[in-house]
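In: sequence and predicted structure below; questions after.
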Amino acid sequence: MLILLAVIFAVHIIGIVLLLVATIDNAWWMTQNVSTDVWFRWVQQGGVWNHTDLPSGTSYPQVGVWAQPVSLAPPAEYLQAVQACSVLACIFSILGVFVFVAQLFTLEKGQRFTISGVFQFIACLCIMVAASIYTDRFHLNENGWYGHSFILAWISFGLTFISSIIYFVLRKKTA
């Protein structure tokens, strides 16, 4: 049982690290000279990477006034939703690991891992929503590829989903 708890803890920590890297690192969308994440855009000019704000336009439009004509570009609320969901996934997963450790010593068998599983499942849903919105609404007509941070977001989705299921199954086994 101790080895199983150590493996679950390790999977949880790996999921947290992947969530943090996916949220913070600057490689959600890549081209030869541009690296974009959900916070900034990095442009390579003369061999040097320069930090710029996210552009306005079809890929990252600014929030407009209701009186302006409707464009086909996704509103900035989609970008804010991706940012918020990514941060919330990190927060819920980190809270989940603290709750996991606290539950080992405080709750009785049969109730131990329920709250940790719920936190991990919420983190799983948050990063899935963030990556899904980014896939569906951004860079539709651009030449480029999804970067390693985007891929890590989907991998962390899988890890957080697996760990949440393990928490629920483990709760049943200890009951």
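Out: It's in. Residues are numbered from 1 along each chain as shown.
In: which of the helices and strands in the chain ranks last by mean pLDDT?
Out: Using mean pLDDT, DSSP states H and E, the weakest-scoring helix or strand in the chain turns out to be strand 48-52, at a mean of 84.
In: now stretch 89-99: buried residues?
Out: Neighbour-count burial for stretch 89-99, counted by 16 or more other C-beta atoms under 10 Å, picks out A89, C90, F92, S93, I94, L95, G96, V97, V99. Using the backbone N, CA and C atoms, a C-beta is placed for each residue, glycine as well.
In: any idea which of the residues you listed is closest to L159?
Out: Nearest to L159 among the buried residues of stretch 89-99: S93, at 9.3 Å, using C-beta to C-beta.
In: SS state for that closest one?
Out: Three-state assignment for S93 (DSSP: H, G, I helix; E, B strand; the rest coil): helix.
In: my read: it touches I16, true?
Out: Yes. Using C-beta atoms under 8 Å, S93 is in contact with I16, at 5.0 Å.
In: just the closest of the buried residues of stretch 89-99 to L5, please.
Out: Nearest to L5, judged by C-beta to C-beta, of the buried residues of stretch 89-99 is V97 at 12.2 Å.
In: first vs last residue of stretch 135-153, how far apart are they?
Out: 11 Å (C-alpha to C-alpha, to the nearest Å).
In: so who does V11 touch?
Out: L159, I162, S163, I166 (C-beta atoms under 8 Å, 6 or more residues apart in numbering).
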